[in-house]
Every structure is written in C-alpha cells, then in structure tokens.
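[1] Everything below, folded, please.
(one chain, ligands or ions: 1)
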Amino acid sequence: MSRVRLHDKEFEPYISERDVAAAIDKVAADLNRDFAGKRPVLIGVLNGAFFFAAELVKRLTIECEVTFVKVASYHGTRSSGKVSDLIGLSERIEGRHVIVLEDIVDTGGTVRHIMDALRDHHPASVRIAALLFKPEAYKQDIRIDHVALEIPNAFVVGSGLDHDGLGRNLPGIYTITAS
Ligand code: 5GP
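    Just a heads-up that it's a prediction; the model follows:
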C-alpha cells in the first residue's frame, strides 16, 4: 500500500486489506452464532456499505436475505448532520430480525435516522453492524452491536468509503494526511 491522492487530498495506508478481512471474519462468526435459524434480513446502507455487505454475506452460513437502502449523501470530509428518508426499503420487515449494515458510524446521525425509520415497520429486532466505528465522534445512545474496526476520529477512505466519489475501490483503509 502506498499514498494515494484523491481530488485535492492525500491519504496514507492505515489498515491493510488483510486486517479488514480478519475483522469481517469476526463479525460474520458472531452473526452466524447469534442468528442461526432466525433468517435475518440484512439491510446495507448505500453507497458505502456495498463492500462490507458483500464481504460479510459471503462469510454467512446461515439463511439470510440481503437488501439495500439509501439515505442522504455525505459531502466532503465533514458529516452534514442531515439525512433524508430511507429510500428503497421494499422488503416486508414486520416481525423479522433486521441487521443494518453501515460502512462507518461517525456521529451516529445516520444510525439514529435509520432506527427511527425502521421502527415504523415493526421488525422483531434490529441490530447494527458497522465496518468502522469512531467512538470519539459518536453522539447517540444507540448501541452499535457489531463493530469490525474501531478507528480514531479522522477521515478515511477505501473498502467502500469515498472522498467525493473517489476511493471506494481501494483495498484496505486509508486515512487523510495532515497536509
Ligand atoms: P454519521 O451519520 O454517523 O455522522 O455519518 C455516517 C456517514 O458519514 C457514513 O455512512 C459515511 O457516508 C459518512 N462518513 C463518516 N465518516 C466518514 C469517513 O471518515 N470517511 C468517509 N468516506 N465517510 C464518512
């Protein structure tokens, strides 16, 4: 891994592809244990969670369904703090066990919005699984049940995460340099 430039910003290698994979292995093992026989519905939050969702579900040995929703986009390197409605939730999730898949939980505004929106659909249970979690930035009291990797409060890209559209394809995780 070496430094990459995306638009006007430079990013340096932070977590290797191998370490990301090992962290996802652990989340998958926990879900295989906790949801055996429950046929959960996994809901990936687009765009960023496409990578986590794909990597996670190929490790799941339990029966499960997979779908995606979209919420407001993230502009630049700071959370906008605003989210719109859940778009694309066509599955019936009433009475189902739901696992929300997030690429990264930062302030938790997105998680709060999704939890509020899902409650109206009366699922049997809702858990949250995140590829990355920034505990120092988190402002909600909602538990993030399954965290692959905890990171400090810095802007990162790679493994599905972008900087203004670029960088989602980078394997591993890169963090913004001070420059
Ligand atoms: P929150 O609502 O938790 O503040 O932010 C969640 C969303 O903000 C994520 O789904 C992601 O789109 C974006 N986000 C937060 N932190 C980062 C980051 O470090 N890098 C990137 N690329 N996106 C981030």
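
[2] now for the worst-scoring helix or strand of the chain on mean pLDDT, which elements pack on it?
    Sorting the helices and strands of the chain by mean pLDDT, DSSP states H and E puts helix 109-119 at the bottom, at a mean of 92. Applying 3 or more Cβ pairs under 8 Å, 6 or more residues apart in numbering; DSSP states H and E, one finds that helix 109-119 contacts strand 97-105, strand 125-133. Where you see a C-beta, it was placed from the backbone N, CA and C, and this is true even at glycine.

[3] Go again with 10 Å.
    For helix 109-119, the packing partners by 3 or more Cβ pairs under 10 Å, 6 or more residues apart in numbering; DSSP states H and E come out as strand 41-46, strand 65-70, strand 97-105, strand 125-133.

[4] you'd agree Glu63 is in a strand?
    No: according to DSSP: H, G, I helix; E, B strand; the rest coil, the state of Glu63 is coil, so it is not within a strand.

[5] need the residues of the protein near the ligand, please.
    Among all residues of the chain, those adjacent to the ligand (criterion: Cβ under 6 Å from any ligand atom) are 48, 74, 79, 102-110, 155-157, 161-163.

[6] Using TSV, please lay out the helices and strands packed on helix 109-119 together with mean pLDDT and mean neighbour count.
    Supplementary listing: these in TSV, determined by pLDDT from 0 to 100; neighbours: other Cβ atoms under 10 Å:
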stretch	mean pLDDT	mean neighbour count
strand 41-46	96	23
strand 65-70	95	16
strand 97-105	98	24
strand 125-133	98	22
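
[7] Now render those as JSON lines, adding distance to Tyr174.
    Putting the helices and strands packed on helix 109-119 into JSON lines (distance: least, Cβ to Cβ, whole Å) gives the following:
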{"stretch": "strand 41-46", "distance to Tyr174": "21"}
{"stretch": "strand 65-70", "distance to Tyr174": "24"}
{"stretch": "strand 97-105", "distance to Tyr174": "13"}
{"stretch": "strand 125-133", "distance to Tyr174": "12"}
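
[8] Low-confidence bits of this structure, can you list those?
    Counting by pLDDT under 70, the chain contains low-confidence residues at 72-85, 179.
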